[in-house]
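Colleague: Mind folding the following:
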Amino acid sequence: VPAEVPVTPGDTRLFLRAIEGAGVGFEYAMFLNAAECSLLCLFQPGSYLEEHPGLTHGGAITAIIDGTLGTCALAVAGKVMTANLSIDYLPVPLGAAVLLDGRAERLEGRKVFLSCHVQSAEGDTLHARATCEDRDTPEDTPGVGETR
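Modeller: Take a look at the predicted model:
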């Protein structure tokens, strides 16, 4: 096994867009409000994201939260990486439309502290809440700063 797998520009894709097929993976749209340091994400988990019957896998919830907060942090602070992500979970029904509300709460030097609430589209059910710390990326990190 090679120590490093060669990556050709253009042959990569965002993790949340790795599943092909309409409606079976991560179906989402993100809406950034840079002035308020916030990002709303409308998300509908597809059938390939099932864990227990009828419920979305916790790892899929983690991935969409991380993607939401990472996009928000990128807009607020530039190139960053997740340093810590803490999530309290409640079940998310497969196929349910949920709204993620991600916010940059504060900046401290090279750190961005964020929060996220995952709730039903109607706003009456909380499915998860998260806190996150993102940090600047080291300049020598492979792929950092490269465009897709």
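
Colleague: For the rest of this, base every contact and every neighbour count on C-alpha atoms.
Modeller: Noted.

Colleague: mind checking how far G25 is from P9?
Modeller: G25 sits 24 Å away from P9, going by CA to CA, to the nearest Å.

Colleague: So between these two, which is more surrounded?
Modeller: Using other CA atoms under 10 Å as the criterion, G25 and P9 rank with G25 on top: 21 against 11.

Colleague: if I pick that one, what's in contact with it?
Modeller: Residues counted as contacts of G25 (CA atoms under 8 Å, 6 or more residues apart in numbering) are 17, 19, 45-49.

Colleague: what are the ranges of the helices in the chain?
Modeller: 58-77 (DSSP state H).

Colleague: Geometric centre of the chain: which residue is closest?
Modeller: G67 (1.8 Å; CA atoms, centre = their mean).

Colleague: quick one: pLDDT of G21?
Modeller: Note for G21: predicted pLDDT of 85.

Colleague: residues contacting M30?
Modeller: Per CA under 8 Å, 6+ apart, neighbours of M30: 39-42, 68.

Colleague: same thing but 6 Å
Modeller: Residues in contact with M30 (CA atoms under 6 Å, 6 or more residues apart in numbering) are 40-41.

Colleague: Numbering from 2 from now on, please.
Modeller: Sounds good: first residue 2 from here, last item M31.

Colleague: does it have beta-bridge partners, and which?
Modeller: In this entry, M31 is beta-bridged to C42, by DSSP bridges.

Colleague: cool, Y90 as well?
Modeller: Those that pair with Y90 in a beta bridge, by DSSP bridges, are A129.

Colleague: Count the neighbours of it for me.
Modeller: Y90 has 15 nearby residues by other CA under 10 Å.

Colleague: correct me, but it touches A129?
Modeller: Yes. In terms of CA atoms under 6 Å, Y90 counts as a neighbour of A129; the distance is 4.5 Å.

Colleague: what residues are shared contacts of those two?
Modeller: Counting by CA under 6 Å, 6+ apart, nothing touches both Y90 and A129.

Colleague: And for the closest residue to V77 other than its chain neighbours, the neighbour number?
Modeller: Among residues not flanking V77 along the chain, C38 sits closest, at 6.3 Å (CA to CA, 6 or more residues apart in numbering). By other CA under 10 Å, the residues close to C38 number 18.
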